[in-house]
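Asker: generate coordinates for the sequence data below:
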Amino acid sequence: MERERLGSRLGFILLSAGCAIGIGNVWKFPYVAGMNGGGSFVLIYLFFLAILGIPVMTMEFAMGRASRKSPVKFYQALEPKGSKWHFHGYLTLIGMFLLMMFYTNVTGWMLQYFVDFAKGAFTGLSPEQVSARFVEMRSDPARSTIYLAIVVVLGFAVCSIGLQKGLERVTKWLMLVLLAIMVVLAVNSVFLEGGSEGLAFYLMPSMERLTENGIGNVIVAAMNQAFFTLSLGLGSMAIFGSYIGRERSLMGEAVHVALLDTFVAITAGIIIFPACFAYNVPVNSGPPLIFVTLPNIFNNLGSGRLWGTLFFVFMFFAALSTVLAVFENIAACVSELTGWSRKKSCWILCPIMFVLSIPCVLGFSLWDGFQPLGAGTNILDLEDFLVSNFALPLGSLIFVLFCATRYGWGWKNFMREANEGKGLKVANWMRPYMTYVLPVIVLVVFLIGIL
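Answerer: The predicted structure follows:
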């Protein structure tokens with residue numbers, strides 16, 4: 001059976017960026033930047049994005065395009081005879097399931113907030129009531145389960161339609177609307193009274209704030225964020241590599257995806273930090289920044305209900321773009337393992353994914369006594385820890401070793417595939433860095449995450 005292809009280069013870039021762009025950009029990036037001194041963190045993050053993220057993404061694209069297979073099968077097509085690299089392919093599938101078991105739940109929260117803002121449910125609430133509403137939302141298993149079901153069914157329904165007519169078409173519109181809403185919200189924030197101080201905090205590096213937060217801490221936080229923002233290590237990017245032609249070289253495409261991903265992360269901060277300074281909200285509020293802090297900001301804005309509705313529909317689109325991309329990956333893996341059609345795989349996977357995601361929902365209510373990582377933690381924290389601290393860094397380390405060493409696919413094969421077509425090429429002088437330095441950096445990220 002001939003492999004499906006994407007209809008355009010724009011479709012490939014937007015799909016890959018859609019996979020990378022998600023809760024990590026629009027929720028995690030601003031609060032981590034706020035907790036680590038703003039501008040200095042952003043600068044260090046961009047440096048690590050270039051030296052960590054782009055090389056690993058290029059490798060994932062190359063493995064996908066060379067093999068024309070999904071992550072569960074691409075090692076078999078590329079590995080030396082008798083080697084055991086392909087066992088990692090099955091682990092990537094487990095990692096993708098684990099990621100979606102909590103990601104679908106958080107996507108459901110975004111959808112709930114969008115609906116609540118549109119209905120005016122936050123209008124007139126005090127800061128304490130807004131905070132209580134977030135706790136109430138997570139603690140209501142029935143309502144959370146309904147929104148989870150909407151996300152899972154919607155995701156697999158789009159994937160079942162087909163690659164070009166379903167996933168590519170929907171993601172293109174999703175991403176273009178997402179970018180337009182972001183620009184409107186950012187312009188609104190920039191012109192808030194007192195917003196210029198927030199912009200200066202966010203975009204101007206400060207040695208004083210850097211030393212205040214601890215240079216080592218900021219570097220580690222930036223390294224982690226640069227690494228996790230691009231969804232690397234699970235083969236999520238490789239699947240889109242397997243759907244494209246050989247007209248463009250792959251490092252250039254990785255740069256385009258990273259630029260789009262970075263644009264969204266930076267713009268999310270431009271939306272949030274001027275608003276924080278305008279309304280005296282602490283920039284280092286941490287994870288509740290979006291769910292607790294922003295509704296208070298919108299309540300103080302003229303047309304706050306409209307801006308809140310727009311913001312959370314944008315959050316939902318950002319999260320949904322990742323859900324669609326990873327569901328596509330899971331469905332492709334299952335189709336190759338079983339020989340089922342795309343439609344059959346999607347509709348069998350839909351109830352399975354729904355059932356697997358239920359423990360995360362119950363972790364905030366009926367099962368809140370289960371605190372796997374210590375007091376105050378829950379099932380979502382455990383699932384996130386396993387994905388972020390094990391699956392992503394270890395997966396990326398295996399991809400790097402497979403592409404750069406003679407025990408795997410090998411540097412020459414990787415370079416030949418990556419450089420096919422027009423655009424930015426992998427140069428031979430990069431070989432020592434990608435073979436010896438990059439694996440050590442990835443290993444350091446893994447060890448820091450565990451510690």
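
Asker: make it CA atoms for all contacts and neighbour counts henceforth
Answerer: Will do.

Asker: mind listing what's buried in the one helix or strand Gln112 maps to?
Answerer: Gln112 belongs to helix 87-119 when assigned by DSSP states H and E. Along helix 87-119, the positions that meet the burial threshold by neighbour count (16 or more other Cα atoms under 10 Å) are 88-89, 91-93, 95-114, 116-118.

Asker: where does the stretch 201-350 of the chain dip in pLDDT?
Answerer: 286 (pLDDT under 70).

Asker: for it, which segments count as helices?
Answerer: 207-213, 215-228, 236-241, 250-278, 293-299, 304-338, 342-362 (DSSP state H, counting those that start in this stretch).

Asker: so how far is the last one off the chain centroid?
Answerer: Spelled out, it's helix 342-362. With Cα atoms, centre = their mean, to the nearest Å as the basis, the distance from the averaged C-alpha position of helix 342-362 to the chain average is 20 Å.

Asker: quick check: the nearest residue to Phe390 once chain neighbours are set aside vs Leu392, distance?
Answerer: The spatially closest residue to Phe390, leaving aside those adjacent along the chain, is Phe446, at 7.0 Å (Cα to Cα, 6 or more residues apart in numbering). The gap separating Phe446 from Leu392 is 9 Å, by Cα to Cα, to the nearest Å.

Asker: the two: which has the busier surroundings?
Answerer: Under the neighbour definition other Cα atoms under 10 Å, Phe446 and Leu392 were set side by side, and Leu392 has more, 23 against 20.

Asker: OK, contacts around that one?
Answerer: For Leu392, the contact set (Cα atoms under 8 Å, 6 or more residues apart in numbering) comprises Phe228, Ser231, Leu232, Gly233, Leu234.

Asker: ok, the first one to Asp261 distance?
Answerer: When you say that, I think you mean Phe228. For Phe228 relative to Asp261 (Cα to Cα), the value is 12 Å.

Asker: hang on, isn't the residue nearest to Phe390 packed against Ala391?
Answerer: No: contact criterion Cα atoms under 8 Å: Phe446 and Ala391 do not qualify, at 9.5 Å.

Asker: which residues sit against the host helix or strand of Phe61?
Answerer: Remark: Phe61 resides in helix 54-67, with elements defined by DSSP H and E. Taking Cα under 8 Å, 6+ apart as the criterion, the residues outside helix 54-67 that touch it are 70-71, 74, 77-78, 230, 232, 235, 237-245, 250-251, 253-255, 258, 396, 399-400, 403, 414, 417-418, 434.

Asker: filter those residues to the buried ones?
Answerer: Those of these that meet the buried threshold are 70-71, 74, 78, 230, 232, 235, 237-244, 250-251, 253-255, 258, 396, 399-400, 403, 414, 417-418, 434, by 16+ other Cα under 10 Å.

Asker: now for whatever helix or strand the residue nearest to Phe390 lives in, which elements pack on it?
Answerer: Secondary structure from DSSP H and E places Phe446 in helix 438-450. Using 3 or more Cα pairs under 8 Å, 6 or more residues apart in numbering; DSSP states H and E as the contact criterion, the elements in contact with helix 438-450 are helix 215-228, helix 392-404.

Asker: angle of it against helix 215-228?
Answerer: Angle between the axes of helix 438-450 and helix 215-228 is 110 degrees (criterion: axes from the mean of the first three to the mean of the last three Cα atoms, to 10 degrees).

Asker: going by neighbour count, list what's buried in helix 438-450.
Answerer: When neighbours are counted by 16+ other Cα under 10 Å, the buried residues of helix 438-450 are found to be Leu438, Pro439, Ile441, Val442, Leu443, Val444, Val445, Phe446.

Asker: between these, which is nearest Leu203?
Answerer: Nearest to Leu203 among those: Val445, at 25.1 Å, using Cα to Cα.

Asker: wait, the closest one touches Gln225, no?
Answerer: No: contact criterion Cα under 8 Å: Val445 and Gln225 do not qualify, at 10.1 Å.

Asker: how close does Phe97 get to Leu179?
Answerer: In this structure, Phe97 and Leu179 are separated by 28 Å, where distance is defined by Cα to Cα.

Asker: please apply the same query to Phe114.
Answerer: The spacing between Phe114 and Leu179, counted by Cα to Cα, is 17 Å.

Asker: same deal with Leu310?
Answerer: For Leu310, the distance to Leu179 equals 12 Å [Cα to Cα].

Asker: neighbour count: these two, which is higher?
Answerer: The neighbour comparison of Leu310 against Leu179 (other Cα under 10 Å) goes to Leu310, with 20 against 17.

Asker: the closest residue in space to the more buried one that isn't next to it in sequence - how many residues pack around it?
Answerer: Nearest-residue entry for Leu310: Ile181, 6.9 Å, with adjacent residues in sequence omitted and distances by Cα to Cα, 6+ apart. Here the number of neighbours of Ile181 (other Cα under 10 Å) works out to 16.

Asker: good, wrapping up.
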